[in-house]
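Participant: Mind folding the following:
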Amino acid sequence: MRLVVDASVAVKWLVAEEDSDAADRLLTGGDDLYAPRLLASEIANTVWRKTRMGEIERGRAGILAAAVAEMPVHWRSDETVCADAVRLAVALDRPVYDCVYLALAHRLDAQLVTADIRFANALATTEHGGSVMTLRDYAKEQR
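Facilitator: Residues are numbered from 1 along each chain as shown. Okay, the predicted model is just below:
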């Protein structure tokens, strides 16, 4: 299966958080994983924020950010889905950042896996609900 992962999932591959074990199942599930290049910037920002909050040691921040390049995803260019992401953001009243992942999922005929429950719930009652799966639901299906 083709799956698009967002930063809420991929950051769990680098930092132990709630549901990190579920995120790790994506790595062994045999699915083809995709991500827009935006993922790298979003993870870098999350690493910075966690460092600032004292959750990550300063010396580890650069190491974790460098590990993004080695993530087992098929990288896709943001510019190929930018216009679609803006259209989705306007229609759904959601941030473009989130909609980049959704637009990529649509483009690849894939499903978006996210740990962002609020985003998944916001889409659940729309025509896009079938394109989004929470990380927890993915993990349940893999049992």
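Participant: The residue sitting furthest away from the middle of the chain: helix or strand, and which one exactly?
Facilitator: With distances taken from the mean C-alpha point of the chain and given as CA atoms, centre = their mean, the most distant residue is residue 59, at 24.8 Å. Secondary structure assigned from DSSP states H and E places residue 59 in helix 58-66.
Participant: Can I get that helix in PDB, CA atoms only?
Facilitator: Coordinates of the C-alpha atoms in helix 58-66 are reproduced here as PDB (Å, rounded to 0.1, in the frame of the first residue of the first chain):
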ATOM      1  CA  ARG A  58      21.200  20.700  22.600                       C
ATOM      2  CA  GLY A  59      24.000  18.400  21.300                       C
ATOM      3  CA  ARG A  60      21.400  16.000  19.900                       C
ATOM      4  CA  ALA A  61      19.400  18.500  18.000                       C
ATOM      5  CA  GLY A  62      21.700  18.600  14.900                       C
ATOM      6  CA  ILE A  63      22.100  14.900  14.900                       C
ATOM      7  CA  LEU A  64      18.400  14.300  14.900                       C
ATOM      8  CA  ALA A  65      17.800  16.800  12.200                       C
ATOM      9  CA  ALA A  66      20.500  15.200  10.100                       C
END
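Participant: right, and the helix or strand after it?
Facilitator: Downstream of helix 58-66, the first helix or strand assigned by DSSP H and E is strand 74-76.
Participant: still on that earlier bit, can you tell me how far the residue farthest from the centre of the chain is from residue 16?
Facilitator: Taking CB to CB, to the nearest Å as the criterion, residue 59 is separated from residue 16 by 17 Å. C-beta: built from backbone N, CA, C; applies to glycine.
Participant: ok, which stretches of this structure are strands?
Facilitator: Counting by DSSP state E, residue ranges of the strands within the chain are 2-5, 32-36, 74-76, 111-114, 132-134.
Participant: got CSV for those, with distance to residue 46 too?
Facilitator: Listed next are those as CSV, based on distance: least, CB to CB, whole Å:
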stretch, distance to residue 46
strand 2-5, 14
strand 32-36, 14
strand 74-76, 18
strand 111-114, 14
strand 132-134, 18
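Participant: Which one, of those strands, ends up nearest to residue 123?
Facilitator: Judged by CB to CB, the one of the strands of the chain that comes nearest to residue 123 is strand 132-134, at 5.0 Å.
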